[in-house]
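Trainee: my questions concern the predicted model and sequence given below.
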Amino acid sequence: MITLALSKGRIFEETLPLLAAAGITVTEDPEKSRKLILPTNQPDVRVVLVRATDVPTYVQYGGADMGVAGKDVLLEHGGEGLYQPLDLNIAKCRMSVAVRADFDYATAVRQGSRLRVATKYTHVARQHFADKGMHVDLIKLYGSMELAPLTGLADAIVDLVSTGKTLQANHLVEVEQIMEISSRLVVNQAALKLKRTRLKPLIDAFASAIQP
Ligand code: ATP
Ligand code: MG
């Protein structure tokens with residue numbers, strides 16, 4: 001049995017064409033079903049639905065043989081025990097610093113002000129501000145980062161941005177782009193050795209179906 005860990009939503013949707021290239025069709029719709037384990041047209045392949053941030057953990061400890069996870073999630077996890085053969089070029093966005101539209105970020109940086117930064121991505125944020133020589137107090141959040149500058153919890157946030165519409169709707173502006181984000185295929189290293197004859201053709205099929 002091959003187990004693939006995916007998160008519901010954009011990663012699931014954007015992985016479907018890659019699975020199709022490997023001859024795999026998921027035979028149940030996760031938005032309609034309450035099942036957490038979805039069968040496929042291949043009797044020896046199943047999909048498990050987990051939180052996006054849990055995908056690396058499932059694959060690391062062998063709860064799944066492979067999975068699809070955002071670079072954001074992989075950087076926070078650390079990637080230990082994971083083979084990362086492919087950038088799938090899906091679920092693309094960027095990680096950015098954003099502030100309230102009426103907050104003068106450039107001046108705060110120039111004056112060396114100590115900023116409070118709220119984020120789910122504390123590892124990446126710590127590294128980013130250290131590289132800039134800025135002193136920041138990081139506040140770890142698990143959701144709705146946009147709310148932090150609006151309530152006075154923080155001066156800035158580090159969050160994912162794609163169209164910028166969510167920022168705009170909350171009167172926030174993007175002031176720095178930290179890195180481009182896309183999702184990668186991650187494979188359990190032991191599984192790759194033990195199930196190589198089944199996994200290698202799957203990885204090759206995914207590779208051939210990646211869109212530029
Ligand atoms: P949840 O929504 O369940 O709290 P989550 O926010 O981590 O979890 P998603 O919003 O589905 O889950 O995001 C999953 C992955 O998709 C992220 O880790 C990131 O790599 C990518 N992603 C997140 N937001 C965007 C976006 N606006 N555009 C494109 N890709 C995104
Ligand atoms: Mg989300």
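Mentor: Happy to help now that I have it. Ligands and ions are numbered 1, 2, ... in the order given.
Trainee: what's the neighbour count on Thr166?
Mentor: Other residues lying near Thr166 total 16 when counted by other CB atoms under 10 Å. For the C-beta atoms, the positions are set from N, CA and C on the backbone; glycine is no exception.
Trainee: how is the protein partitioned into domains?
Mentor: The record's domain parsing of the chain by automatic domain parsing lists 2-91+182-209, 93-181.
Trainee: please name whichever of these is nearest to ligand 1.
Mentor: domain 2-91+182-209 (2.0 Å; CB to the nearest ligand atom).
Trainee: winner for burial among the domains of the chain?
Mentor: Greatest average neighbour count among the domains of the chain goes to domain 2-91+182-209 (a mean of 18), per mean count of other CB atoms under 10 Å.
Trainee: that one vs ligand 1: in contact?
Mentor: Yes. Judged by CB under 6 Å from any ligand atom, domain 2-91+182-209 comes into contact with ligand 1 through 7, 9-11, 51-53, 70, 72-73, 91, 183.
Trainee: longest helix of the protein?
Mentor: Assignment by DSSP state H gives helix 196-209 as the longest helix of the chain.
Trainee: what packs against it?
Mentor: strand 2-6, helix 10-21, strand 82-100, strand 172-188 (3 or more CB pairs under 8 Å, 6 or more residues apart in numbering; DSSP states H and E).
Trainee: and the angle for the longest one with helix 196-209?
Mentor: Orientation note: strand 82-100 sits at an angle of 40 degrees relative to helix 196-209 (axes from the mean of the first three to the mean of the last three CA atoms, to 10 degrees).
Trainee: now strand 82-100: average pLDDT?
Mentor: Per-residue pLDDT over strand 82-100 has a mean of 98.
Trainee: same thing with stretch 185-196?
Mentor: 98.
Trainee: quick one: the longest helix of the chain to strand 172-188, angle?
Mentor: Using the same axes, to 10 degrees: helix 196-209 against strand 172-188 is 150 degrees.
Trainee: give me the nearest residue to Glu3, chain neighbours excluded.
Mentor: To be clear, residue 3 is Thr; Glu isn't right here. Excluding the flanking residues, the one nearest Thr3 by CB to CB, 6 or more residues apart in numbering is Ala64, at 4.5 Å.
Trainee: is it fair to say that neighbour lies in a strand?
Mentor: No. Assigned with DSSP: H, G, I helix; E, B strand; the rest coil, Ala64 falls outside any strand and is coil.
Trainee: list the contacts of the longest helix of the chain.
Mentor: Here helix 196-209 makes contact (CB atoms under 8 Å, 6 or more residues apart in numbering) with 2, 17-18, 20-24, 44, 65-66, 85-86, 88, 185, 187, 191-192.
Trainee: one more: stretch 17-26?
Mentor: Residues from elsewhere that reach stretch 17-26 (CB under 8 Å, 6+ apart): 4, 16, 38-42, 45, 47, 88, 90, 201-202, 205-206, 208-210.
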